[in-house]
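Asks: pasting the sequence and the predicted model now:
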Amino acid sequence: MTENECQLEHKREIMAVHDAMDILNGKWKISIISSICYYNKRRFSDILNDVQGISNKMLSKELKELEINKLITRTVLDTQPISVQYQLTEYGMTLKTMINNLAEWGIAHRKVIIGK
């Protein structure tokens, strides 16, 4: 591979990272995806409990964006009162390896920084 081809490939990869971060940006999306990923199906209140510090309004907004980007599905359950359940789509499941790697890195980083 020539130097020019390498540069073009690196630019393409950097753009791909930029595109991914455009979808997953913000303080909450990866935590929301993690909650759904680890439990397979989650109700709104379960995600709200898992993602500490997020408001109802912000969770609702983030879930809508994840649904628009085809990462999760929203199912209204026939319960009283009505509840909503979220699940990763098949496409969303492609993030599972990244979520697991990020969690492993976070655990290792915590050990480096604070020794726990």
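Replies: Thanks, I have it.
Asks: what's the lowest-mean-pLDDT helix or strand in the chain in contact with?
Replies: Least confident helix or strand, the chain: helix 3-24 with a mean of 88, by mean pLDDT, DSSP states H and E. Helix 3-24 is contacted from outside by 1, 29, 30, 33, 69, 71, using C-beta atoms under 8 Å, 6 or more residues apart in numbering. Just so you know, the C-beta spots here come from the backbone N, C-alpha and C atoms, and that holds for glycine as well.
Asks: out of these, which sit inside helices?
Replies: 29, 30, 33 (DSSP state H).
Asks: got the residues you listed as JSON lines, with distance to residue 87 columns?
Replies: Converted to JSON lines, the ones in helices among the contacts of helix 3-24 look like this (distance: C-beta to C-beta, whole Å):
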{"residue": "29", "distance to residue 87": "16"}
{"residue": "30", "distance to residue 87": "17"}
{"residue": "33", "distance to residue 87": "11"}
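Asks: quick one: the residues you listed as TSV, columns for neighbour count, pLDDT and distance to residue 64 too.
Replies: TSV is the format used below for the ones in helices among the contacts of helix 3-24 (neighbours: other C-beta atoms under 10 Å; pLDDT from 0 to 100; distance: C-beta to C-beta, whole Å):
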residue	neighbour count	pLDDT	distance to residue 64
29	18	96	11
30	18	95	16
33	23	96	14
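Asks: could you list the low-pLDDT ranges of the protein?
Replies: Counting by pLDDT under 70, the chain contains low-confidence ranges at 116.
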